[in-house]
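A.B. asks: Give the three-dimensional model of this entry:
(chains A and B)
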Amino acid sequence: MTHPTDQTLPPTAKIAYSDVEVGTELPSRSFPVDRATLVRYAGASGDFNPIHWNERFAKEVGLPDVIAHGMFTMAEAIRVVTDWTGDPGAVVEYGVRFTRPVVVPNDDQGAVIEVSGKVAAKLDDNTVRVDLTATSGGQKVLGMSRAVVRLG
Amino acid sequence: MALDQSFVGRTYPPTAPYEVGREKIREFAEAVGDANPVYVDTEAAKALGHPDVIAPPTFVFSITFKAAGQVIQDPQLGLDYSRVVHGDQKFAYARPVRAGDRLTVTSTIEAIKSMAGNDILDIRGEVHDEAGERVVTAWTKLVARAAEEA
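C.D. replies: Numbers count the residues shown, from 1 in each chain, chains lettered A, B, ... in the order given. Below you'll find the model as predicted:
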């Protein structure tokens, strides 16, 4: 088959541009993360930095405990957007600042990453900017967390 | 010691192609707990207009960060990787990464700054497919924390 460039694809997102306003809130999500989650993410991503699985090493380099991969948190946060639009291919831009680590204790609970998002601006070409807030243990773990996504 | 400003603008040779496997996409989607069928079901992907299953938005970081190793491990630059933390990450997509893509990454040092003894390094990775079309650009900010006082 031919491979058209995706810019020419029909808009497929399930949220319509005309249905959202600045301030529209996206459904919030909670993402649990425990040590097994981190081991699995290490394998899938190829990031085997021991600060994400070795408590002794993490403490030696001055961390309070094992911490989640920043890229794991980034991957979870965008799910608030991709679950909202339905098509992850509609994400045009996505950026975050890693402001504070998600500490993952070795207990039955682990940690939880709470993510909320709201439409911050309506842009050209049926795109909107969504500002995301990600917290763990009541503290912000991402800053400047923004996605531009194309709507239907 | 502060990094050499003359490295700003330096571009490294493109990497050998990375072939995006559908099972690697599945593994990644499962690892982040994302059950969106567009990552694993070709028909679901086609229903959204994609020629094959696509990868989650941050999947490509594994590829661009490996490519950034050329910069991080450049002995001439002399970055102390043991002190490096990931500061910022950004992606701009021309299209989603999908199964079967053969992707090359060209890394460029965009900026080098020194703040309060920390070295801050901005690396841009341009990701192209086999046809030479840009797929995504990744910006990675690395911060090498100042060494402790002796």
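A.B. asks: pretty sure residue A:64 is touching residue A:102, no?
C.D. replies: No - with contact defined as Cβ atoms under 8 Å, residue A:64 does not count as touching residue A:102 (11.2 Å). Using the backbone N, CA and C atoms, a C-beta is placed for each residue, glycine as well.
A.B. asks: higher neighbour count, the two?
C.D. replies: The neighbour comparison of residue A:64 against residue A:102 (other Cβ atoms under 10 Å in any protein chain shown) goes to residue A:102, with 27 against 11.
A.B. asks: From residue A:83, how far out is the more buried one?
C.D. replies: Distance of residue A:102 to residue A:83, given as Cβ to Cβ, to the nearest Å: 20 Å.
A.B. asks: Dihedrals phi and psi, residue B:131?
C.D. replies: Dihedral pair for residue B:131: phi -80, psi 0, per degrees, to the nearest 10.
A.B. asks: Measure how buried it is and give me the count.
C.D. replies: When neighbours are counted by other Cβ under 10 Å, residue B:131 registers 9.
A.B. asks: next one: residue B:31
C.D. replies: 20.
A.B. asks: residues touching it, list them.
C.D. replies: By Cβ atoms under 8 Å, 6 or more residues apart in numbering or on different chains, residue B:31 lies in contact with A:37, A:40, A:41, A:43, A:44, A:45.
A.B. asks: buried sites along stretch B:26-44?
C.D. replies: Buried residues in stretch B:26-44, counting neighbours by 16 or more other Cβ atoms under 10 Å in any protein chain shown, are found at B:26, B:28, B:29, B:31, B:32, B:34, B:36, B:38, B:39, B:40.
A.B. asks: Apologies, that question was intended for stretch A:120-133.
C.D. replies: Going by neighbour count (16+ other Cβ under 10 Å), the buried part of stretch A:120-133 is A:120, A:122, A:126, A:127, A:128, A:129, A:130, A:132, A:133.
A.B. asks: Give the bridge partners for the fifth one, please.
C.D. replies: Right, residue A:128. Counting by DSSP bridges, residue A:128 forms beta bridges with residue A:122, residue A:149.
A.B. asks: what sits against it?
C.D. replies: Residue A:128 touches A:17, A:20, A:119, A:120, A:121, A:122, A:148, A:149, A:151, counting by Cβ under 8 Å, 6+ apart.
A.B. asks: Tabulate the residues you listed (TSV), appending pLDDT.
C.D. replies: Compiled in TSV, the contacts of residue A:128 are given as follows (pLDDT from 0 to 100):
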residue	pLDDT
A:17	96
A:20	96
A:119	98
A:120	98
A:121	98
A:122	98
A:148	98
A:149	98
A:151	96
